[in-house]
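1. Give me a model of this one.
(one chain, ligands or ions: 1)
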Amino acid sequence: MKQLFGEPYNLEETIIGIIVKENRAFLRRKDYVLVTDQIDIKGKYKAIITGHKLLSEQQGVSGVSNTDELNNGDIVTIDSSGVINVVYEKGSKHNAIFITGRCNSNCIMCSQPPVKKEADRFKLNIEYIRLLPKQTESIGLTGGEPTVIGEQLFGIIKEIKKRQPEIHINILSNGIKFKDKKYAYDYASCINERTVIEIPLYCDIDHIHNNIVGTKTFYDTIKGIYNLASYNVKIGIRVVVMKHNYKRLANIAEFIYSNMPFVYQIAFMQMEPTGHAINNINELWIDPYDYNEQLEKAVLILHYRDMHVSIYNSQLCILPEKIRRFAVKSISEWKNIYVQKCELCNIKSECPGFFASSEKFHSRKIQPVMNN
Ligand code: SF4
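-> Alright, predicted model coming up:
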């Protein structure tokens, strides 16, 4: 998520609030974080973010240089060290609630490596849900692994449903915890029909999947998927493509169709080169152009059998034309970039582009499309 930094002032614990860039009436300030260059602000905002200094009685962050990156209606957390995290970006389709930084796997290409310890985020997240704009269309639940907080996860989901009955919820989980049938049942009982849980399956061969996730949990994940399916939960399968599994993409597609024809959607994903992925890049990296043959086969195997298949995080110019239409704009706005060559491209507006971390690490075959 987008982060800004400054000097903390009178902050003892992490707070959350809605960004506002003009002064509000006194009675309507308690949920708001004012972004201002005006020094003499009286009255109780949740916090103030400024490029200048703060007055002794104020609470917030001073010396923030890039306040223009914050917009009215964004929701931010501010921690006691002065880090400002934009957890909700107004107008974005990719907003999420960060459930926990902990995880029960340790994937070799994890873009957000897990932490061992952290402060409990439950109260903060309940507050976040309260601050979400009315009729928010969709929200993700992410981590870390959201199920490591156990039944608290159901509390989060119920709170979302209570405040936003029509919302679409998208949960990213490794699925392991759902091998526990009771947990799968309790989960299925608390979601709405617009909730999808996205579970990664990196290979049809157990030891290759296990090598990627860093734990021997292939069969736990499969069991979790079956348990969820037995309660009619909508399940998405995610396959991040890397050197370890690209040769088996067609086999993975066959495996999913043969064993999990009930899944709601399948996505083949280009890797995000950050976190563990960048540390292990030599072991993982294959130019996405070089697995086109396998990707095309896998996508078409599923598509011809009426399964809903997509390609995430891929640039259109490197995909074979036959499967370009499966590419989805899947990269969160704050980290979505285009490289210089893209300026000449006629299909830039339809292209998913790159992760910011891919600027120096992308396919050698990027080439502007001129004839569309
Ligand atoms: S040149 Fe850039 S904008 Fe055009 S298809 Fe390739 S990556 Fe996308």
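2. For L344, see how far away the residue of the stretch 101-250 of the chain found nearest the ligand is.
-> Per CB to the nearest ligand atom, V241 is where the stretch 101-250 of the chain lies closest to the ligand, at 17.1 Å. C-betas here are computed from N, CA, C, even on glycine. As defined by CB to CB, to the nearest Å, V241 lies at a distance of 27 Å from L344.
3. So which of the two has more stuff around it?
-> Using other CB atoms under 10 Å as the criterion, V241 and L344 rank with V241 on top: 26 against 11.
4. V87 is in what secondary structure piece?
-> Using DSSP states H and E, V87 sits within strand 83-88.
5. Not counting whichever helix or strand comes after that strand itself, show me its contacts.
-> Next helix or strand after strand 83-88 toward the C-terminus (DSSP H and E): strand 96-100. Outside strand 96-100, the residues that touch it by CB atoms under 8 Å, 6 or more residues apart in numbering are 1, 87, 118, 121, 125, 128-129, 139-146, 148-149, 153, 156.
6. Which neighbours in the sheet does strand 96-100 have, and how are they oriented?
-> Its sheet considered, strand 96-100 pairs with strand 138-143 (parallel) by DSSP bridges.
7. Now the strand it pairs with: average pLDDT?
-> What strand 138-143 shows for mean pLDDT is 96.
8. Mind giving me the packing neighbours of the next helix or strand after that strand?
-> Per DSSP H and E, strand 138-143 leads on to helix 152-163 as the next helix or strand towards the C-terminus. Identification of packing neighbours for helix 152-163 by 3 or more CB pairs under 8 Å, 6 or more residues apart in numbering; DSSP states H and E yields strand 96-100, helix 122-131, strand 138-143, helix 181-190.
9. can you do 6 Å?
-> Secondary-structure packing of helix 152-163 (3 or more CB pairs under 6 Å, 6 or more residues apart in numbering; DSSP states H and E): helix 122-131, helix 181-190.
10. With mean neighbour count and distance to K322 as new columns, can those be given to me in TSV?
-> Shown next, in TSV, are those (neighbours: other CB atoms under 10 Å; distance: least, CB to CB, whole Å):
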stretch	mean neighbour count	distance to K322
helix 122-131	17	42
helix 181-190	16	37
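11. could these go into JSON lines alongside distance to F218 and mean pLDDT?
-> Output for the helices and strands packed on helix 152-163, formatted as JSON lines (distance: least, CB to CB, whole Å; pLDDT from 0 to 100):
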{"stretch": "helix 122-131", "distance to F218": "30", "mean pLDDT": "97"}
{"stretch": "helix 181-190", "distance to F218": "17", "mean pLDDT": "98"}
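12. For those helices, give me a markdown table that also has distance to I41.
-> Listed next are these as a markdown table, based on distance: least, CB to CB, whole Å:
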| stretch | distance to I41 |
| --- | --- |
| helix 122-131 | 21 |
| helix 181-190 | 42 |
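13. re earlier: for PyMOL, write a command that selects the buried ones of the contacts of strand 96-100.
-> In PyMOL, a selection of the buried entries from those looks like this (16 or more other CB atoms under 10 Å):
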select buried, resi 1+87+121+125+128+129+139+140+141+142+143+144+145+146+148+149+153+156
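14. sorry, back to before: what pairs with the residue of the stretch 101-250 of the chain closest to the ligand across the strands?
-> Beta-bridge partners of V241, as defined by DSSP bridges: Q270.
15. Quick check: S138 touching H168?
-> Yes. Taking contacts as CB atoms under 6 Å, S138 lies within contact range of H168: 4.0 Å.
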